[in-house]
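> here is a sequence together with a model predicted from it:
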Amino acid sequence: MKIVVIGGTGLIGSQVVHQLQQAGHEAIAASPNTGVNTLTGEGLKEVLQGAQAVVDVSNSPSFADEPVMHFFKTSNENLLPAAKAAGVLHHIALSVVGTQKLQASGYFRAKQVQEDMIKASGIPYTIVHATQFFEFAGGITQMSLEGDTVVLPDANIQPIASRDVAAFVAATALAAPANKILEIGGPEKFNMTAWIRQYMQATHKTYEAVSDAGALYSGAPLETDTLAPEAAVYLGPTKYADWISLPENQR
């Protein structure tokens, strides 16, 4: 089976490509550095020829409101018609748990536009809503830093290992289209501050981490469980404490 992975050289995409290839499929990593650019349309017609499925795990290089909207809107204006013309039978896209509740954020507004375009494309689809990856703890720490204090929303988070996300996405690419959103998450729910404290302890960072009910996440307010799945179809098996204790090159 030929499967084109848009964003196939990134954190999730490279793992999806590897897993599909290990299973004997023709998985193609499609990204600007392999000659495929969804923003310009370059290489799309050629790479999609003969593909039964497309997996889109690409992400915007900028999360600022205008660039991120341009990225997801323009990319899908190019990708979806090209996939339909090529006769692709299943379009799989990776998105984020809580997207529909986070529309105060420019990033999540752009992700919602992407999801709406996929649903309207006429191509059978599956949208995978994943929780935040374990690998994002450092980025969340940095974006929440105020002086020497990490100020976090007083909300829950149910993070998942990227390898578990990749395993689910790869399996989804081989399954029949669900034509709906499937939610996935990690095996444990944490208060966000407790999770970041665990990350900082493991990585020897000395910031203070505090909860603030008014703190925003990517520009949007959170309810207690906005970032947790409501009806997960899969919970990754990897526990955070086990993952963070591994050498960095084994995570």
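Looks like it arrived, so ask away. Numbering: from 1, shown residues only.

> show me what contacts K119?
By C-beta atoms under 8 Å, 6 or more residues apart in numbering, the contact set of K119 is 125, 127. C-betas here are computed from N, CA, C, even on glycine.

> secondary structure element for it?
According to DSSP states H and E, K119 maps onto helix 106-120.

> after that helix, next one along is what?
The first helix or strand that comes after helix 106-120 along the chain, using DSSP H and E, is strand 125-130.

> strands paired with that next one, and their directions?
strand 90-96 (parallel), strand 181-185 (parallel) (DSSP bridges).

> what is the orientation angle of the helix holding K119 with strand 181-185?
Helix 106-120 and strand 181-185 are oriented at 140 degrees to each other (axes from the mean of the first three to the mean of the last three C-alpha atoms, to 10 degrees).

> can you list the buried residues in helix 106-120?
Using 16 or more other C-beta atoms under 10 Å as the burial criterion, the residues of helix 106-120 that qualify are 106-112, 114-115, 117-118.

> now do the strands in the chain.
Ranges of strands in the chain, per DSSP state E, are 2-6, 26-30, 53-56, 90-96, 125-130, 145-146, 149-153, 156-157, 181-185, 190-191, 208-212, 234-235.

> could you identify which of these is most buried?
Among the strands of the chain, strand 53-56 has the highest mean neighbour count (mean count of other C-beta atoms under 10 Å), at a mean of 28.

> list the contacts of it.
1-8, 13, 16, 48, 79, 83, 88-94, 169, 173-174.

> with stretch 8-20 instead?
Stretch 8-20 has contacts (C-beta under 8 Å, 6+ apart) with 3, 5-7, 27-31, 33-34, 55, 57-59, 94, 133, 135, 162-163, 165-167, 169-170, 173-174.

> out of the strands of the chain, which comes closest to L44?
strand 26-30 (8.1 Å; C-beta to C-beta).

> just checking, what packs against that closest one?
The contact analysis (3 or more C-beta pairs under 8 Å, 6 or more residues apart in numbering; DSSP states H and E) places strand 26-30 against strand 2-6, helix 11-22.

> from the chain's centroid, how far away is the first one?
Counting by C-alpha atoms, centre = their mean, to the nearest Å, strand 2-6 is centred 16 Å from the centre of its parent chain.

> given it, what are its sheet partners and their directions?
When DSSP bridges is applied, strand 2-6 pairs with strand 26-30 (parallel), strand 53-56 (parallel).

> please save the CA atoms from that strand in CSV.
This file holds the C-alpha atoms of strand 2-6, laid out as CSV (Å, rounded to 0.1, in the frame of the first residue of the first chain):
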residue,chain,number,x,y,z
LYS,A,2,1.4,3.4,-0.9
ILE,A,3,0.9,6.0,1.8
VAL,A,4,2.2,9.6,1.5
VAL,A,5,3.1,11.2,4.8
ILE,A,6,2.9,15.0,4.7
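
> many thanks, have a good one.
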